[in-house]
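# coords below, sequence missing:
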(Lines give C-alpha, C1' and ligand atoms only; values in the text may rest on other atoms or scores of the structure.)
Protein backbone atom coordinates (compact mmCIF):
# COMPACT_ATOMS: atom_id res chain seq x y z
CA UNK A 1 0.00 0.00 0.00
CA UNK A 2 1.40 3.37 -1.06
CA UNK A 3 0.73 6.50 0.95
CA UNK A 4 0.99 9.87 -0.76
CA UNK A 5 1.19 13.19 1.09
CA UNK A 6 1.09 16.52 -0.75
CA UNK A 7 2.48 19.82 0.46
CA UNK A 8 3.29 23.26 -0.89
CA UNK A 9 -0.15 24.62 -1.63
CA UNK A 10 -1.26 28.09 -0.61
CA UNK A 11 -2.48 31.49 -1.71
CA UNK A 12 -0.62 33.31 -4.47
CA UNK A 13 -1.32 36.27 -6.71
CA UNK A 14 -1.88 35.82 -10.42
CA UNK A 15 1.45 35.57 -12.20
CA UNK A 16 3.12 34.02 -9.20
CA UNK A 17 4.63 30.59 -8.64
CA UNK A 18 4.23 27.62 -6.33
CA UNK A 19 5.96 24.27 -6.09
CA UNK A 20 3.93 21.32 -4.92
CA UNK A 21 5.57 18.23 -3.48
CA UNK A 22 4.20 14.74 -3.01
CA UNK A 23 6.06 12.37 -0.72
CA UNK A 24 5.46 8.66 -1.12
CA UNK A 25 5.90 5.88 1.41
CA UNK A 26 4.97 2.25 1.80
CA UNK A 27 6.00 1.09 -1.64
CA UNK A 28 8.79 1.13 -4.21
CA UNK A 29 8.40 4.64 -5.58
CA UNK A 30 10.42 4.05 -8.73
CA UNK A 31 7.99 1.36 -9.91
CA UNK A 32 5.11 3.84 -10.27
CA UNK A 33 4.35 6.45 -12.86
CA UNK A 34 3.26 9.58 -11.00
CA UNK A 35 0.72 12.24 -11.85
CA UNK A 36 -1.11 15.32 -10.65
CA UNK A 37 -4.83 16.01 -10.86
CA UNK A 38 -6.85 19.01 -9.73
CA UNK A 39 -10.44 19.70 -8.80
CA UNK A 40 -11.96 23.16 -8.74
CA UNK A 41 -15.17 23.90 -6.83
CA UNK A 42 -18.21 22.59 -8.68
CA UNK A 43 -16.10 20.89 -11.33
CA UNK A 44 -14.91 17.37 -12.01
CA UNK A 45 -11.40 16.34 -11.14
CA UNK A 46 -9.10 16.74 -14.14
CA UNK A 47 -5.70 15.48 -15.17
CA UNK A 48 -2.84 18.00 -15.03
CA UNK A 49 0.46 16.21 -15.65
CA UNK A 50 2.21 12.84 -15.45
CA UNK A 51 5.76 11.51 -15.42
CA UNK A 52 7.11 8.06 -16.14
CA UNK A 53 8.88 5.86 -13.62
CA UNK A 54 12.37 7.07 -14.44
CA UNK A 55 11.31 10.60 -15.31
CA UNK A 56 12.11 10.21 -19.01
CA UNK A 57 8.62 10.94 -20.30
CA UNK A 58 6.16 13.63 -19.26
CA UNK A 59 2.70 14.68 -20.41
CA UNK A 60 0.66 17.80 -19.67
CA UNK A 61 -2.85 19.12 -19.96
CA UNK A 62 -2.84 21.65 -22.79
CA UNK A 63 -3.75 24.61 -20.62
CA UNK A 64 -0.71 24.18 -18.36
CA UNK A 65 1.92 23.43 -21.02
CA UNK A 66 4.80 25.89 -20.78
CA UNK A 67 3.74 27.00 -17.28
CA UNK A 68 3.85 23.80 -15.19
CA UNK A 69 6.70 21.30 -14.90
CA UNK A 70 6.44 17.86 -13.34
CA UNK A 71 9.58 16.19 -12.03
CA UNK A 72 10.54 13.44 -9.63
CA UNK A 73 13.41 12.44 -7.38
CA UNK A 74 13.36 8.69 -6.91
CA UNK A 75 16.06 8.85 -4.24
CA UNK A 76 13.73 11.04 -2.16
CA UNK A 77 10.49 9.23 -3.11
CA UNK A 78 9.03 12.57 -4.14
CA UNK A 79 7.28 14.02 -7.16
CA UNK A 80 7.03 17.77 -7.75
CA UNK A 81 4.84 20.14 -9.70
CA UNK A 82 6.42 23.52 -10.37
CA UNK A 83 3.69 25.97 -11.29
CA UNK A 84 4.64 29.31 -12.83
CA UNK A 85 2.57 32.16 -14.30
CA UNK A 86 -0.38 31.05 -12.24
CA UNK A 87 -3.87 32.16 -13.23
CA UNK A 88 -7.08 32.41 -11.19
CA UNK A 89 -8.45 29.47 -13.19
CA UNK A 90 -5.67 27.30 -11.75
CA UNK A 91 -7.39 27.53 -8.35
CA UNK A 92 -8.20 24.01 -7.20
CA UNK A 93 -7.33 21.20 -4.85
CA UNK A 94 -4.28 19.47 -6.34
CA UNK A 95 -3.80 15.75 -5.71
CA UNK A 96 -0.95 13.49 -6.64
CA UNK A 97 -1.51 9.95 -7.84
CA UNK A 98 0.51 6.81 -8.45
CA UNK A 99 -0.06 4.37 -11.27
CA UNK A 100 1.38 0.89 -11.68
CA UNK A 101 1.22 1.10 -15.47
CA UNK A 102 4.14 3.11 -16.81
CA UNK A 103 2.11 5.34 -19.10
CA UNK A 104 1.89 9.12 -19.06
CA UNK A 105 -0.52 10.15 -21.78
CA UNK A 106 -3.75 11.75 -20.53
CA UNK A 107 -4.70 9.78 -17.46
CA UNK A 108 -8.36 9.38 -16.57
CA UNK A 109 -9.61 9.40 -12.99
CA UNK A 110 -9.82 5.61 -13.14
CA UNK A 111 -6.15 5.11 -14.02
CA UNK A 112 -4.31 5.77 -10.72
CA UNK A 113 -3.90 3.01 -8.18
CA UNK A 114 -3.23 5.38 -5.25
CA UNK A 115 -4.21 8.94 -4.38
CA UNK A 116 -3.06 11.60 -2.00
CA UNK A 117 -5.45 13.73 0.05
CA UNK A 118 -4.76 16.93 -1.85
CA UNK A 119 -3.48 20.42 -1.20
CA UNK A 120 -5.35 23.67 -1.87
CA UNK A 121 -3.98 26.14 -4.39
CA UNK A 122 -5.70 29.52 -4.58
CA UNK A 123 -4.70 32.13 -7.15
CA UNK A 124 -6.05 35.62 -6.59
CA UNK A 125 -6.58 38.10 -9.40
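The structure has been received and is ready for your questions. Computed from a prediction, not measured in an experiment: that's the story for all the values here.
# residue ranges for the strands of the chain, please.
3-7, 10-13, 18-25, 33-39, 46-51, 58-60, 68-73, 78-83, 92-99, 114-115, 119-124 (DSSP state E).
# Which strands or helices does the fifth one pack on?
With contacts defined as 3 or more C-beta pairs under 8 Å, 6 or more residues apart in numbering; DSSP states H and E, the secondary structure elements packing on strand 46-51 are strand 33-39, strand 58-60, strand 68-73, strand 78-83. Any C-beta I mention is one placed from the backbone N, CA and C, and that applies to glycine too.
# can you do 6 Å?
With contacts defined as 3 or more C-beta pairs under 6 Å, 6 or more residues apart in numbering; DSSP states H and E, the packing partners of strand 46-51 are strand 33-39, strand 58-60, strand 68-73.
# The second one now?
Here strand 10-13 touches strand 119-124, going by 3+ C-beta pairs under 6 Å, 6+ apart.
# Show me what the strand it packs on is in contact with.
6, 9, 11, 12, 13, 14, 86, 88, 90, 91, 93, 94 (C-beta atoms under 6 Å, 6 or more residues apart in numbering).
# Looking at those, which one is closest to residue 45?
Checking the contacts of strand 119-124 against residue 45 by C-beta to C-beta gives residue 93 as the nearest, at 8.5 Å.
# tell me, how many neighbours does the nearest residue to the closest one once chain neighbours are set aside end up with?
Among residues not flanking residue 93 along the chain, residue 118 sits closest, at 4.2 Å (C-beta to C-beta, 6 or more residues apart in numbering). Residue crowding around residue 118 was assessed by other C-beta atoms under 10 Å; the count is 18.
# Over to residue 122?
Neighbours of residue 122 using other C-beta under 10 Å come to 15.
# Could you list everything it pairs with in the sheet?
Residue 122 has these beta-bridge partners by DSSP bridges: residue 11.
# what's the spacing between the residue most central in space within the chain and residue 68?
Using C-alpha atoms, centre = their mean, the residue of the chain that lies closest to the mean C-alpha position is residue 36, 2.3 Å off. To residue 68, residue 36 is 8 Å away according to C-beta to C-beta, to the nearest Å.
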